[in-house]
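Novice: Generate a structure from the sequence data that follows.
(chains A and B)
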2 protein chains.
Amino acid sequence: MPSNRQIHLDNRPSGEALASNFKLVTSDTPALQMSQVLVRHHYLSLDPYMRGRMNDGKNYAQPQPLGQTMIGGTVGEVVDSKHPKFTVGDQVVGMGGWQEYSVVDATQLGALRKVDTTHVPLSAYLGAVGMPGVTAYYGLVKIIAPKIGDTVVVSAATGAVGSALAALAKARGCRTVGIAGGPEKCQYAVAELGFDACIDYKLHSTAASLSQAVAEACPNGIDGYFENVGGMVLDAVLPRMNAFGRIAVCGMIAGYDGQPLPLSYPALILTQRLKVQGFIVSEHMEVWPEALTELGTLVATGKLRARESIAQGIAAAPEAFLGLLKGKNFGKQLVKLV
Amino acid sequence: MPSNRQIHLDNRPSGEALASNFKLVTSDTPALQMSQVLVRHHYLSLDPYMRGRMNDGKNYAQPQPLGQTMIGGTVGEVVDSKHPKFTVGDQVVGMGGWQEYSVVDATQLGALRKVDTTHVPLSAYLGAVGMPGVTAYYGLVKIIAPKIGDTVVVSAATGAVGSALAALAKARGCRTVGIAGGPEKCQYAVAELGFDACIDYKLHSTAASLSQAVAEACPNGIDGYFENVGGMVLDAVLPRMNAFGRIAVCGMIAGYDGQPLPLSYPALILTQRLKVQGFIVSEHMEVWPEALTELGTLVATGKLRARESIAQGIAAAPEAFLGLLKGKNFGKQLVKLV
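Specialist: Residues are numbered from 1 along each chain as shown, chains lettered A, B, ... in the order given. So this is what the prediction gives:
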């Protein structure tokens, strides 16, 4: 049995999440029971939603239990199997958590899914052709529902969700404008991800200043906004929304450490007759097949080339995750384990 | 030609609206041209949306022009007609404005509508069976879309919109909870309007305290919220929304004088996967027939007995309107002109 290094949640953050909230633990992988599969993880996905799970109390997801391996999406290969549908060498995606190996009960529906890496790299199943991609798809297609020629804006534009959103929105004939932090990300958004424009929020210290830049990048106003950030960015975008605009609220990473982030002008929801809707993609499994089909095609045909930030080794996961919360990543944040 | 007293908007408010923003003017009614109808107004409707029209600049409605008669809904009777479809004595509803008489081009679609007062009093066509009633209908039926057993909350519960909402929600098997100002209004809401409970917001100086009262009145949480007020009331209700709750934003009267009213915890839209949608009923004319049919039946059968606050004479309109903005009215605010 191989030795398995894991990251546990050791204690909950009060305010900002810290490396000391996590603990590296080494255990043995147990012997397989019937129907179980042993997966060696090649990549671990780090995603903003995990910050919410670190808190206790009422949240939109179950809190991560203390003293257990952090949850998270993983891709890897089957190294042992007692289930007839999986054989050694299969490439699989699952929710293996922050560890090097996982033992999966393959009879559990959706627990483990074989993937084809002929045209799509294995790591993409954690990003563009995985949960972040489907997240972009749901918010864009099911909430924003853009028409040709609409202007669609997304914050955290070069992240895993923003990258996928750009490709999906371009395919629908939208003017697509990103908001990201720093000149390098903004240049990349336009040059590589297909955004028509990208605004560097770090150049602006107030919502009013950022809002002016948004207005310049969106001369016809904004019809759809995909929100990953909240706070000042939302305050800057809201006044630029056109009548009957739609805002898909996917994340508010600016507030994940618990400080309240008020919305300055909620009356705009009324005066512009906006629809503002929050969602969690895992509650809409019905869209996954159609979304993954489109996203897989976009990746396979080179229309969606999402960048990855890759940390090396399980011990690097906590620092990489904390960096993600601060926007230090550039593209999809992964941890490479093999 | 009868002499016609009118209220003009003389100057725009800076901050709070004042009586000095208005001016009483007397003019003659002009001789009728072909297709025109002269209407003597019996009642003028005063509604919160008029406050927004008093401001200049980008708004969700055209600003009220200075030096012209304030717009507003009216009911009355035809006293002269040069249109074949209208005869003297017809009872009609229209947008005659803050004046005693109006000359209406009856060829203009929807400018003047004959009404039947056999089972519904004339004034009700400005309230329960008029724009406020349809407003309640649209927000409840088209945005909140409640299921039997859902808990629905409405602010400004004893106003024209809130009264209609209570009857419409009861007819759909909802637990219906109001928020109103003062013990008299709250008692009336339960005793006469059919609310299951009504919360007196004046007993609470903080959103946290009001929110606790909301929680007690809504033991199963809130599935639908119809917002007329904004500010502290919205802050108090939002944390009590159930997952997948719907908020119809009809008004934010607390902020109509221009002070910004932030929303303290917008992240709840995400964590509770809420849909928050603003609307203006005049943009959804397609629902008016079905709404007026149901509302007319509710009034005719005594299931909706909305109270009216009646000011006497056109000169009283400005003070009555300013009182409405402060919640001094009790039920639908009208001005009786005949």
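Novice: give me the low-pLDDT residue ranges for the stretch 151-300 of chain A?
Specialist: Along the stretch 151-300 of chain A, the parts satisfying pLDDT under 70 run over A:258.
Novice: what ranges do the strands span in it?
Specialist: A:151-155, A:175-180, A:197-200, A:222-227, A:241-249, A:275-278 (DSSP state E, counting those that start in this stretch).
Novice: most tightly surrounded among those strands?
Specialist: Of all these, strand A:151-155 carries the top mean neighbour count, a mean of 30, counting by mean count of other Cβ atoms under 10 Å in any protein chain shown. (C-beta placed from N, C-alpha, C; glycine too.)
Novice: what angle sits between that one and strand A:222-227?
Specialist: 20 degrees (axes from the mean of the first three to the mean of the last three Cα atoms, to 10 degrees).
Novice: strands paired with strand A:151-155, and their directions?
Specialist: In the sheet containing strand A:151-155, its partner strands are strand A:175-180 (parallel), strand A:222-227 (parallel), by DSSP bridges.
Novice: contacting residues around stretch A:114-130?
Specialist: A:42-43, A:45, A:73-75, A:86, A:90-93, A:132-133, A:160, A:163-164, A:167, A:292, A:295-296, A:298-300, A:304, A:306, A:308, A:331-332, A:334 (Cβ atoms under 8 Å, 6 or more residues apart in numbering or on different chains).
Novice: can you pull out the helices in chain A?
Specialist: Per DSSP state H, chain A carries helices over the ranges A:49-54, A:131-137, A:160-171, A:183-191, A:207-217, A:232-237, A:267-271, A:288-300, A:317-325.
Novice: Any idea which of the ones you listed gets closest to chain B?
Specialist: helix A:267-271 (4.0 Å; Cβ to the nearest Cβ).
Novice: Let me know whether the closest one sits next to chain B.
Specialist: Yes. Counting by Cβ under 8 Å from any Cβ of the partner chain, chain B is contacted by helix A:267-271 at A:267, A:269-271.
Novice: how about the residues of chain A that lie near chain B?
Specialist: Residues of chain A lying close to chain B by Cβ under 8 Å from any Cβ are A:52, A:59-60, A:230, A:234, A:243, A:249-252, A:255, A:260-267, A:269-280, A:283.
Novice: go again using 7 Å as the cut-off
Specialist: A:59-60, A:230, A:249, A:251-252, A:255, A:260-267, A:269-280 (Cβ under 7 Å from any Cβ of the partner chain).
Novice: nearest residue to the residue nearest to the spatial centre of chain A other than its sequence neighbours?
Specialist: Centroid check for chain A by Cα atoms, centre = their mean gives residue A:132 as the closest residue, at 4.1 Å. In space, and not counting its chain neighbours, residue A:132 is closest to residue A:160: 3.5 Å by Cβ to Cβ, 6 or more residues apart in numbering or on different chains.
Novice: Tell me which residues touch that neighbour, please.
Specialist: A:127, A:132, A:306, A:331-332 (Cβ atoms under 7 Å, 6 or more residues apart in numbering or on different chains).
Novice: Can you tell me which of these has the most neighbours?
Specialist: Among the contacts of residue A:160, residue A:127 has the most neighbours (other Cβ atoms under 10 Å in any protein chain shown), with 31 neighbours.
Novice: pLDDT at that one, what is it?
Specialist: According to the prediction, residue A:127 has pLDDT 96.
Novice: Give me the nearest residue to residue A:259, chain neighbours excluded.
Specialist: Nearest residue to residue A:259 in three dimensions, chain neighbours excluded: residue A:15, at 7.7 Å (Cβ to Cβ, 6+ apart).
Novice: so the one you found touches residue A:257, yeah?
Specialist: Yes. Residue A:15 lies in contact with residue A:257 (Cβ atoms under 7 Å); the separation is 5.4 Å.
Novice: more crowded one of these two?
Specialist: residue A:257 (14 against 8).
Novice: I figured that one was touching residue A:16, is that so?
Specialist: Yes. Counting by Cβ under 7 Å, residue A:257 does reach residue A:16; the two are 4.8 Å apart.
Novice: Which members of the contacts of residue A:160 are the farthest-apart pair?
Specialist: Across the contacts of residue A:160, the longest distance by Cβ to Cβ is 10.3 Å; it joins A:132 and A:331.
Novice: Run through the residues that contact residue A:216.
Specialist: Contacts of residue A:216 by Cβ under 7 Å, 6+ apart: none found.
Novice: From residue A:309, how far off is it?
Specialist: With distances taken as Cβ to Cβ, to the nearest Å, residue A:216 is found 29 Å from residue A:309.
Novice: can you check residue A:243 too?
Specialist: Going from residue A:243 to residue A:309 by Cβ to Cβ gives 38 Å.
Novice: quick revisit: buried subset of the residues of chain A next to chain B, written for PyMOL?
Specialist: Selection of buried members from the residues of chain A next to chain B for PyMOL, criterion 16 or more other Cβ atoms under 10 Å in any protein chain shown:
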select buried, chain A and resi 60+230+249+251+252+255+261+262+263+264+265+266+267+269+270+271+272+273+274+275+276+277+278+279+280
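Novice: and residue A:9, how many neighbours?
Specialist: 22.
Novice: cool, and residue A:326?
Specialist: That count, for residue A:326 with other Cβ under 10 Å as the rule, works out to 10.
Novice: Backbone torsions only: list them for it.
Specialist: When read as degrees, to the nearest 10, the backbone of residue A:326 gives phi -100, psi 0.
Novice: Let me know the pLDDT of residue A:15.
Specialist: 89.
Novice: what's the answer for residue A:124, then?
Specialist: pLDDT, residue A:124: 97.
Novice: what about it, how many neighbours?
Specialist: That count, for residue A:124 with other Cβ under 10 Å as the rule, works out to 26.
Novice: any idea how far it is from residue A:194?
Specialist: 17 Å.
Novice: Would you mind splitting chain A into its domains for me?
Specialist: A:3-127+A:306-336, A:132-282 (automatic domain parsing).
Novice: now the ones you listed in JSON lines, with distance to residue B:111?
Specialist: Output for the domains of chain A, formatted as JSON lines (distance: least, Cβ to Cβ, whole Å):
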{"stretch": "domain A:3-127+A:306-336", "distance to residue B:111": "49"}
{"stretch": "domain A:132-282", "distance to residue B:111": "24"}
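Novice: Highest mean neighbour count out of the ones you listed?
Specialist: Stretch with highest mean neighbour count among the domains of chain A: domain A:132-282 (a mean of 22; mean count of other Cβ under 10 Å).
Novice: From residue A:75, how far out is the closest residue to residue A:303 other than its chain neighbours?
Specialist: Nearest in space to residue A:303, with sequence neighbours left out and distances taken as Cβ to Cβ, 6+ apart, is residue A:167 at 5.5 Å. With distances taken as Cβ to Cβ, residue A:167 is found 21 Å from residue A:75.
Novice: Poorly predicted segments of the stretch 1-150 of chain A, please.
Specialist: In the prediction, the stretch 1-150 of chain A carries residues with pLDDT under 70 at positions A:1, A:58-60.
Novice: those strands in it, which residues are they?
Specialist: Along the stretch 1-150 of chain A, counting by DSSP E, counting those that start in this stretch, strands occupy A:3-9, A:22-28, A:36-45, A:74-81, A:91-94, A:101-105, A:112-114.
Novice: Output these in a markdown table, with distance to residue B:23 appended to each entry.
Specialist: Shown next, in a markdown table, are the strands of the stretch 1-150 of chain A (distance: least, Cβ to Cβ, whole Å):
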| stretch | distance to residue B:23 |
| --- | --- |
| strand A:3-9 | 68 |
| strand A:22-28 | 69 |
| strand A:36-45 | 66 |
| strand A:74-81 | 72 |
| strand A:91-94 | 71 |
| strand A:101-105 | 77 |
| strand A:112-114 | 72 |
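Novice: Quick one: closest of those strands to residue A:149.
Specialist: When the strands of the stretch 1-150 of chain A are compared by Cβ to Cβ, strand A:36-45 sits nearest residue A:149, at 34.3 Å.
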